[in-house]
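Q: Sharing a model that was predicted from the sequence below.
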Amino acid sequence: MAPVYLVLLHHPVFNKRGDVVVTAITNMDIHDLARIARTYGAAGVFIAHPVRALRLLSEKIVEHWSRGYGAAYNETRREALALVRTVPDLDSVLLEIERETGTAPVLIATSARAGDRATGFAELRERLRASTTPHLLMLGTGWGLVPEVLGRAEIVLEPIRGAGDYNHLPVRAAAAIMLDRLLAPPRS
């Protein structure tokens, strides 16, 4: 099985008007993505943010639950947050994964607007099972990844579809659904 990593990109992403922006780091995203990744056996979670002060905030949150008072208070949270690394950008993520594994990861973009490039969950699941090459699931904050990031991806994962035409999941919920569809053991 291919090792699967996640990156939560805070830049470059769109806001609701279509402007390219930098979004804020949220405590919930860090905690929940770590717990989701640990639950499904992901190899790591990266929080990518260009603003040094916000990277330091992310690192302080992780440190509290990994090595500080929180580590003793909640061991399962410590275990999950040990997967989290904070970096400035996507290129830093790629370098870290390549250093760790010896191989550049296959980039998987996520988008509610995947278009003609969309790869289905079942197809990607089989690809992951047949590979040992690391794969990086790129998640966008705000209103999604910009075309330049989508264009770097070898794979663009099909959108998650709900019951109606509303399609604006929180990134934590989308990550849980994606990892469940891609990494959970087969159900009977």
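A: Sure thing, it's come through.
Q: going forward, measure contacts and count neighbours with C-alpha atoms only.
A: Noted.
Q: neighbouring contacts of the helix or strand bottoming out on mean pLDDT in the chain?
A: When each helix and strand of the chain is scored by mean pLDDT, DSSP states H and E, helix 69-73 comes last, with a mean of 83. Contact with helix 69-73 is made by H64, W65, R77, R78, as judged by Cα atoms under 8 Å, 6 or more residues apart in numbering.
Q: Please apply the same query to stretch 119-130.
A: Residues from elsewhere that reach stretch 119-130 (Cα under 8 Å, 6+ apart): M1, A2, H135, I155, V156, L157, E158, M178, R181, L182, L183.
Q: Just the buried residues of those residues.
A: A2, H135, I155, V156, L157, E158, M178, L182, L183 (16 or more other Cα atoms under 10 Å).
Q: pretty sure the fifth one contacts L107?
A: Put plainly, it is L157. No: with contact defined as Cα atoms under 8 Å, L157 does not count as touching L107 (10.3 Å).
Q: Can you show me the helices along the chain?
A: 27-40, 52-66, 69-73, 75-81, 90-101, 121-129, 147-152, 171-183 (DSSP state H).
Q: if you skip the residues just before and after it, what's nearest to L83?
A: G44 (4.7 Å; Cα to Cα, 6 or more residues apart in numbering).
Q: ok, the closest residue to L183 other than its chain neighbours - how many residues close by?
A: Spatial nearest neighbour of L183, excluding adjacent residues (Cα to Cα, 6+ apart): Y40 at 6.1 Å. Around Y40 there are 16 other residues, counting by other Cα atoms under 10 Å.
Q: Over to S188?
A: 3.
Q: So it versus R129, what's the distance?
A: 18 Å (Cα to Cα, to the nearest Å).
Q: For V13, which of the helices of the chain is the nearest?
A: For the helices of the chain, proximity to V13 was assessed by Cα to Cα; helix 147-152 is nearest, at 8.9 Å.
Q: What residues of that closest one count as buried?
A: Buried-residue list, helix 147-152, by 16+ other Cα under 10 Å: V149, L150.
Q: Thank you, goodbye.
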